[in-house]
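Enquirer: sharing a model that was predicted from the sequence below.
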Amino acid sequence: MNSISTSITETQKPPVSGSLIAVIMVIIVEMMFFGGLVSAYILAEAGQIEWPPAGQPRLPFWLTFGNMIILLLSAYTMWLYIHRLKKEIVAPIYLKLSVFLGSLFFLIQGYEWARILLFGIQTQASLFTSFFYTIIGLHGFHVLVGLIILLYIWRKMSTQKVENQYNYAVSAGTFWFFVVALWPILYSLIYLN
Amino acid sequence: MNTHQKHGFWHRYFFSLDHKDIGFQYMLTIFFMVAIGGFFAYVFRMHLAFPDMEVPLFGLVTNTDYNMLITNHGLIMMMWLALGMLLAVAGNYLIPILIGTDDMAFPKLNKLSYWFFLISVILMVTSFFLPKGGVRGGWTMYPPLSVGDFGYNTPYATFSDRFFSSNSFVLLAIVFEFTALLMGGVNFFVTTLNKRAKGMTLMKMPLVVWMINIASVLFMFSVGPLVAGTFMLLLDINVGTGFYDPYRGGDPLLWEHLFWFFGHPEVYVILLPPLGILAEVISVNSRKPLFGYKFILTMTLIAAVLSMMVWAHHQFVSGIDPRAATVFSIFTIIISFPFAGIILAYIATMWYGKLRFNLPMKWAVGSVVLFTLLGGFTGLHLGASVFDIYAHDTSFVVAHFHYTLFPTVIFGSFAGIYYWFNKFSGRELNKTLGNLHFWLTFIFFNGFAFPLFLLGLAGQQRRVANYSQIEFLMQDPLPLYRQIATISAVILILTQFIFLFNFIWSLLKGKKVSTDNPWEANTLEWQTSSPPPHGNFKTYPIVYHGPYEYNIPDRDTDFTPQNEK
Ligand code: HEM
Ligand SMILES: [Cu+2]
């Protein structure tokens, strides 16, 4: 930039950091986005007599349940991490645990997703599988984005002041909590029938 | 990036992070899109009035051409002109400077937002040249039409046939554009919350800042389902899912719901920023405080919430439950009240004011008059399902939405451009050309759009390529109405060249401004130099007054700059 920084915000500290507001707004959009998908799904389900339709695979209920626990744990470790930072204790182990658990979830879920694909159910097969692939796939994509953000934070941390670390962690964590909180809803809609 | 040399061409138009430059880039890109959209309108209007004639500069219009032209005209004007101009251009130019700060909260995100917008424009324009030509399913993109030539019935088309089709490209373009607008919206909101000048409380912000922010937030609340729908449509086209395919248990009506859940709030996303611009222009030029600042805000918020509960008024004839239709009718009629309130507040602002009928004011008043008398008012009629069942999908609807969109998008933008031009360019627009532009636009807009009401009431369906085979639509005076509409539309389009010339010429060679505050306005942008420096202010303003304190007794001037002690 061409001039010396003349920003007035440097003297004024906003009560809520800009990045947190931004994340919250993104979450609003995402909520409406998944809201659209989920209501489409519910409507489609309501229009069918048997759901999932006959001849369609039953999804692995318990495996996914265990996987959900893993994902919830990763949110818990993330929360611990932020909580420590607030008290100015840097405990990167919790961040690392979150990334690890999140990746585990992603791998297991991705494996399952791909396995069902390999069973020969193509997306063309039915409305049910269309929804399965779309919704689960999109959630997976969000998990991936969340993980990338966590990794980014991880890298950034060592060079930052504790206070900044806290702000970063809160923004990234909020997104991660959102991604995690979404899963039980999707799980109960799609896996519990 | 610490270069201290003067901004070169490439810098200014491609890499600058300054909010004003990004606003300018958006504006030029949008002018380019409008040129295409306007040209399409010219071609299909000519074809409607003079069927079977070769349209100069285009040639014979086939039915397929016609469908492609109206579809892309609608898409360009709604998605790229209206949303782009009123969210991206207005937001970028106005928000930082009106709240007294140097730039957006996230300048790089802002830049990225423009790049996404540019990609969306490129995708959109490329779509015309793909095999099988541009999209033809109507701007509302209802499946199965929007699934295109490789739709549900041709399972053997290859992936690349499907992907390199205009249908896929346009949907992708829309996703990119909305991402751009979301990045912009996040930026506006964070900037407004966190970067206001000292003393600029929320209630001291100019209304236009409020309006753009409310519009952005409304956009965020409503766009999700449409993006989900777009995504599902993309999958339907490209990988063969069946979300909208009844044969596989899907439902084409699903799209209508997802689309209009966004579509109706979208028209308010479009409406609110111009209402904000009008508030500034009208208050300054009436030399009176804006009537009912908080009242207007409350009404706007009510309308924003209600706007998400009226979408099915576009679907009265799509086979929705009549009981639901009644509910949606009632909400639609209720939603007119807040807007009536806002318009009344503007009229009250002008009431007994010392009116200055300069160019921005002309556009502003023209906008209020046309929007109220013919735009919003006919919306009320259409909102009543009993009437809509007759009028739906006729030219009456086309007239309604042109009377709402044109006064807001076009008149509102011009009010803004004529008002702020000298601030951002440091030069003046030519007044004679400006007056000519205004009056010709005003007259020929009515000449174009009003006959459409009459045609619609006479039963003329929209989206019909050639009326000459429909006997009752060829009875006098209906063909004459169509010709009046067409000739007016052509003159209307030509008139815009006056503006274009004036704009470019004044930008390069216009008279330099003699004062930084020619309208004697209060808001902060007028208290800095014209054009404002990079960073907007030499020293940062401290705000003591509300934005509309005109004609306060015991002052030597009839205005009170916000930053004056
Ligand atoms: C103020 C109250 C308004 C009401 C009550 C209203 C009501 C309606 C209704 C009921 C329709 C559906 C007509 C039909 O398809 O049969 C409609 C269509 C439309 N309105 Fe409005 N409207 C209002 C304001 C606006 C505004 C402010 C805009 C834009 C700035 C707008 C843009 C449109 C568009 C683009 C369509 C046509 C969509 C299409 O089918 O292609 N309306 N309006
Ligand atoms: Cu509507």
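Expert: Received the coordinates, thanks. Ligands and ions are numbered 1, 2, ... in the order given.
Enquirer: does the helix or strand bottoming out on mean pLDDT in chain A come close to chain B?
Expert: Considering only helices and strands, the least confidently modelled element of chain A by mean pLDDT, DSSP states H and E is helix A:127-131, at a mean of 84. Yes: using Cβ under 8 Å from any Cβ of the partner chain, we find that helix A:127-131 touches chain B at A:127, A:130-131. Quick note: C-beta positions are derived from backbone N, CA and C, even for glycine.
Enquirer: and the residue nearest to residue B:173 when sequence neighbours are not counted, what element?
Expert: The shortest distance from residue B:173 to any residue other than its chain neighbours is 3.8 Å, reached at residue B:123 (Cβ to Cβ, 6 or more residues apart in numbering or on different chains). Using DSSP states H and E, the secondary-structure element containing residue B:123 is helix B:107-127.
Enquirer: what helices or strands is that helix leaning on?
Expert: Applying 3 or more Cβ pairs under 8 Å, 6 or more residues apart in numbering or on different chains; DSSP states H and E, we find helix B:107-127 packed against helix B:19-49, helix B:166-194.
Enquirer: quick check: buried residues in stretch B:500-512?
Expert: B:502-503, B:506, B:510 (16 or more other Cβ atoms under 10 Å in any protein chain shown).
Enquirer: what angle sits between the helix or strand hosting residue B:490 and helix B:19-49?
Expert: Residue B:490 is part of helix B:478-509, with elements assigned from DSSP H and E. Following axes from the mean of the first three to the mean of the last three Cα atoms, to 10 degrees, one obtains 150 degrees for the angle between helix B:478-509 and helix B:19-49.
Enquirer: what is helix B:478-509 packed up against?
Expert: Helices and strands touching helix B:478-509, as assessed by 3+ Cβ pairs under 8 Å, 6+ apart, comprise helix B:19-49, helix B:412-425, helix B:431-457.
Enquirer: what stretches of the chain score poorly on pLDDT?
Expert: In the absence of a named chain, chain A is used. Regions of chain A meeting the criterion pLDDT under 70 cover residues A:1-12, A:57, A:119-125, A:193.
Enquirer: try again with chain B
Expert: The model of chain B has pLDDT under 70 over residues B:1-14, B:150-156.
Enquirer: centroid residue for it?
Expert: Among the residues of chain B, the one closest to the centroid is residue B:82, at 2.0 Å (Cα atoms, centre = their mean).
Enquirer: quick check: the gap between that one and chain A.
Expert: 20 Å (Cβ to the nearest Cβ, to the nearest Å).
Enquirer: which ones are touching that residue?
Expert: For residue B:82, the contact set (Cβ atoms under 8 Å, 6 or more residues apart in numbering or on different chains) comprises B:270, B:405, B:409.
Enquirer: if we can go back for a sec, which elements pack onto the following helix or strand past the least confident helix or strand of chain A?
Expert: Sequence order places helix A:137-157 as the next helix or strand after helix A:127-131, per DSSP H and E. Based on contacts counted as 3+ Cβ pairs under 8 Å, 6+ apart, the elements that helix A:137-157 packs against are helix A:18-46, helix A:92-118, helix A:162-190.
Enquirer: report the angle between helix A:137-157 and helix A:162-190.
Expert: Comparing the axes of helix A:137-157 and helix A:162-190 via the same axes, to 10 degrees yields an angle of 170 degrees.
Enquirer: nearest to residue B:96, of the buried residues of stretch B:500-512?
Expert: In terms of Cβ to Cβ, no member of the buried residues of stretch B:500-512 lies closer to residue B:96 than residue B:503, at 22.8 Å.
Enquirer: re earlier: tell me which of the helices and strands packed on helix B:107-127 is the most buried.
Expert: Here the criterion is mean neighbour count by mean count of other Cβ atoms under 10 Å in any protein chain shown, and of the helices and strands packed on helix B:107-127 the winner is helix B:166-194, at a mean of 24.
Enquirer: which SSE is immediately downstream of it?
Expert: Scanning onward from helix B:166-194 (DSSP H and E), the first element met is helix B:207-238.
Enquirer: hmm, that next one touching ligand 1?
Expert: No: for helix B:207-238, no contact with ligand 1 is found by Cβ under 6 Å from any ligand atom; the gap never falls below 11.2 Å.
Enquirer: what helices and strands are in contact with that helix?
Expert: With contacts defined as 3+ Cβ pairs under 8 Å, 6+ apart, helix B:207-238 has these neighbours: helix A:18-46, helix B:90-98, helix B:159-163, helix B:166-194, helix B:252-286, helix B:293-306.
Enquirer: mind running it again at 10 Å?
Expert: Helix B:207-238 makes packing contacts with helix A:18-46, helix A:127-131, helix A:137-157, helix B:90-98, helix B:159-163, helix B:166-194, helix B:252-286, helix B:293-306 when contacts are defined by 3 or more Cβ pairs under 10 Å, 6 or more residues apart in numbering or on different chains; DSSP states H and E.
Enquirer: for residue B:88, give me its contacts.
Expert: By Cβ atoms under 10 Å, 6 or more residues apart in numbering or on different chains, the residues touching residue B:88 are B:22-23, B:25-27, B:29-30, B:80, B:110, B:113-114, B:117, B:177, B:180-181, B:183-185, B:188, B:212, B:216.
Enquirer: now do 7 Å
Expert: By Cβ atoms under 7 Å, 6 or more residues apart in numbering or on different chains, residue B:88 lies in contact with B:26, B:117, B:181, B:184.
Enquirer: contacts only, for the last one.
Expert: When contacts are counted by Cβ under 7 Å, 6+ apart, residue B:184 is found next to B:87-88, B:91, B:110, B:113.
Enquirer: turn the residues of helix A:127-131 next to chain B into CSV, including neighbour count.
Expert: Output for the residues of helix A:127-131 next to chain B, formatted as CSV (neighbours: other Cβ atoms under 10 Å in any protein chain shown):
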residue, neighbour count
A:127, 25
A:130, 27
A:131, 24
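Enquirer: does residue B:352 count as helix, strand or coil?
Expert: Using DSSP: H, G, I helix; E, B strand; the rest coil, the structure places residue B:352 in coil.
Enquirer: so what's it closest to, chain neighbours aside?
Expert: With Cβ to Cβ, 6+ apart as the measure, residue B:288 is the residue that lies nearest to residue B:352, at 7.7 Å, once sequence neighbours are left out.
Enquirer: same thing with residue B:80?
Expert: The spatially closest residue to residue B:80, leaving aside those adjacent along the chain, is residue B:33, at 4.4 Å (Cβ to Cβ, 6+ apart).
Enquirer: among the contacts of residue B:82, which are in reach of ligand 1?
Expert: Answer for the contacts of residue B:82 near ligand 1 (Cβ under 6 Å from any ligand atom): B:270, B:405.
Enquirer: out of the contacts of residue B:82, which end up buried?
Expert: Judged by neighbour count, with 16+ other Cβ under 10 Å as the criterion, the buried members of these are B:270, B:405, B:409.
Enquirer: and the last one, its phi and psi?
Expert: For residue B:409, the backbone dihedrals are phi -70, psi -50 (criterion: degrees, to the nearest 10).
Enquirer: wait, what's in contact with it?
Expert: Applying Cβ under 7 Å, 6+ apart, we find residue B:409 in contact with B:81-82, B:85-86, B:270, B:274.
Enquirer: in the stretch 51-200 of chain B, what residue is nearest chain A?
Expert: Distances from the stretch 51-200 of chain B to chain A, computed as Cβ to the nearest Cβ, single out residue B:194 as the nearest residue at 3.9 Å.
Enquirer: and what about residue B:134, helix, strand or coil?
Expert: coil.
Enquirer: now it, what are its backbone angles?
Expert: The phi and psi torsions at residue B:134 (degrees, to the nearest 10) take the values phi -70, psi 170.
Enquirer: ok now do it, which residues does it touch?
Expert: B:68, B:72, B:127-128, B:166.
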